[in-house]
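Visitor: For reference, the sequence and a predicted model appear below.
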Amino acid sequence: MKKTFIAILFLMILSCQTKTKSTQSYLRWVGDIQQNNAIDDSDFRVCKGDDNVLQYFNLSEGPVYKGEKSSILDLFKSQYKPFIDNKQNGYIRLRFIINCKGEAGRFRVLQSDYNYQEKTFDNRIVNQLLTITKNIEKWEILHRDDISVDYYMYLIFKIKEGQLIDILP
Amino acid sequence: MKKISIVFLFFSLSNIFAQPNCEAFKHYGDTLKYKACIKAMEISGHYQFSKEYQSILDRAIEIDSTFDYPYWAKSIAYLKSGDFITWKTLIDKAVALNPKTHLGYRGWCRYQFFRDYEGLIEDIEKLDSLVDYDIGYSQNGTYHLNIAKGLCYKAIGEKEKAIAIIEKQILLNEQENFVGVYDYLHLGVLYWETNQFEKAINTFKKQAESNQLAENSYYMALTYRELDNPTKYKSCLDKTKELYISRKRMFDPYSNPMDKIYLETIENEIKSSL
């Protein structure tokens, strides 16, 4: 009985390992963001369904901002309050969806140091960037064949000693 | 202009050329890599962001984890989605397995997507030390990698070094009749920034002859202002706005190129010129 139990346990472990190795699960597209009611604004809606959200560069317009990139640079320059700390260095990416009405939602944060290794910035930096971005009321509406679309956009903030030194793309 | 179009056409098809030759692995008796390669080629027709594309490449890696191509191919969607952590993990594997093929690409992406100036310099200089042939162009075909390296030296404050690198590469590009679409513009801006105004004007004129852009006309205007030539300063500024509105300006589908200007910049300069 004991040997049978060990054998079954062994096979279960083997099965789990095999499953992990060969069936990495993906969503429809890399970078897709599913609605999470615990953190996402329940009023935000995509217009054409999750399966039709594009990437900003699919529309051949390049990265577009209402009032061009200079407006985004000016906005963060005027509203971001540096949190001076020599340990606060690296990249913070905010990825989100812009729907066909130019509204943004489903914000997700990714953070790394300058060697692209995951790290956690002080919340006073991340929360500021999130708040300023979420407060942008209107984003550029993009079209395909004259029909407005939903698309993924992201902002990458370069942080040096707590100061915002660049915004990409 | 025709040559520029040909260059863009070539690089827009560059993913096709980047595919490995599976038969070569078979020829040299590397059966495992051959099988992994055949599997990887099944991505044809699938969007690089899709789960089908990614899953096929996972299976190619399972067949031969020392095959660099699937890591590189998988990494692209992560790069374009801004997931720099996963991208870097994947592209580092590709570079470790085949540095001569992937160092130039990784370096370029570090600049294009993350303005990682030191990162590009490190990768391009490493590549240069490994090969005895021309290190080639950026993935999108816009720059010779040495021009990109020069731009990164400029960004970290080493402008004289940047000028030397870019001047040298432009000379080589001219010999090949293959000057990049923004090469003269960047060099002209560097001359302007280092108070070499006559050189700047001559270089902007070369840019205007091959590919006139709003940015070129804008920096030319600023240079004429420094040369105390208000007539040409104003006419260049007017031309700048005209070019910008007709979309003759710097463009990159993924990011905003160095030295790019915006309508707000032009209008502010026009206001201050009145």
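Guide: Structure's in. What do you need?
Visitor: From chain B, how far off is the residue nearest in space to the middle of chain A?
Guide: Among the residues of chain A, the one closest to the centroid is residue A:95, at 2.3 Å (Cα atoms, centre = their mean). As for residue A:95, its distance to chain B is 6 Å (criterion: Cβ to the nearest Cβ, to the nearest Å). Where you see a C-beta, it was placed from the backbone N, CA and C, and this is true even at glycine.
Visitor: residues from chain A in reach of chain B?
Guide: Counting by Cβ under 8 Å from any Cβ of the partner chain, the positions of chain A adjacent to chain B are A:21-22, A:24, A:26-31, A:55, A:57, A:60, A:62-63, A:67-71, A:91, A:93, A:95, A:110, A:112, A:114, A:116-118, A:152, A:154, A:156, A:158, A:166, A:168-169.
Visitor: can you do 6 Å?
Guide: Contact residues, chain A versus chain B (Cβ under 6 Å from any Cβ of the partner chain): A:24, A:26, A:29-31, A:57, A:62, A:68-70, A:93, A:95, A:112, A:116, A:118, A:154, A:166, A:169.
Visitor: Just the ones of those residues in helices?
Guide: Assignment to helices by DSSP state H places the following of these there: A:68-70.
Visitor: before we move on, back to that, now, of the residues of chain A next to chain B, which are buried?
Guide: Taking 16 or more other Cβ atoms under 10 Å in any protein chain shown as the criterion, what is buried in those is A:26, A:29-31, A:57, A:62, A:68-70, A:93, A:95, A:112, A:116, A:154, A:169.
Visitor: Could you save the ones in helices among the residues of chain A next to chain B as JSON lines and add columns showing pLDDT and distance to residue B:213?
Guide: Compiled in JSON lines, these are given as follows (pLDDT from 0 to 100; distance: Cβ to Cβ, whole Å):
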{"residue": "A:68", "pLDDT": "93", "distance to residue B:213": "16"}
{"residue": "A:69", "pLDDT": "94", "distance to residue B:213": "17"}
{"residue": "A:70", "pLDDT": "93", "distance to residue B:213": "17"}
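Visitor: all strands of chain A, in order?
Guide: Listed in chain order, the strands of chain A (DSSP state E) span A:54-55, A:90-98, A:104-112, A:143-144, A:147-148, A:151-160, A:163-168.
Visitor: right, so of these, which gets closest to residue B:42?
Guide: Between residue B:42 and the strands of chain A, the tightest spacing by Cβ to Cβ is seen for strand A:54-55, at 22.9 Å.
Visitor: Tell me the residues on the stretch 101-250 of chain B that lie near chain A, please.
Guide: The stretch 101-250 of chain B comes close to chain A at residues residue B:115, as judged by Cβ under 6 Å from any Cβ.
Visitor: what's the distance between the residue nearest to the centre of chain A and residue B:75?
Guide: For residue A:95, the distance to residue B:75 (Cβ to Cβ, to the nearest Å) stands at 17 Å.
Visitor: Residue A:30 too?
Guide: Residue A:30 is 10 Å from residue B:75, where distance means Cβ to Cβ.
Visitor: Could you find the closest non-adjacent residue to residue B:167?
Guide: For residue B:167, ignoring the flanking residues on the chain, the nearest one in space by Cβ to Cβ, 6 or more residues apart in numbering or on different chains is residue B:187 at 6.7 Å.
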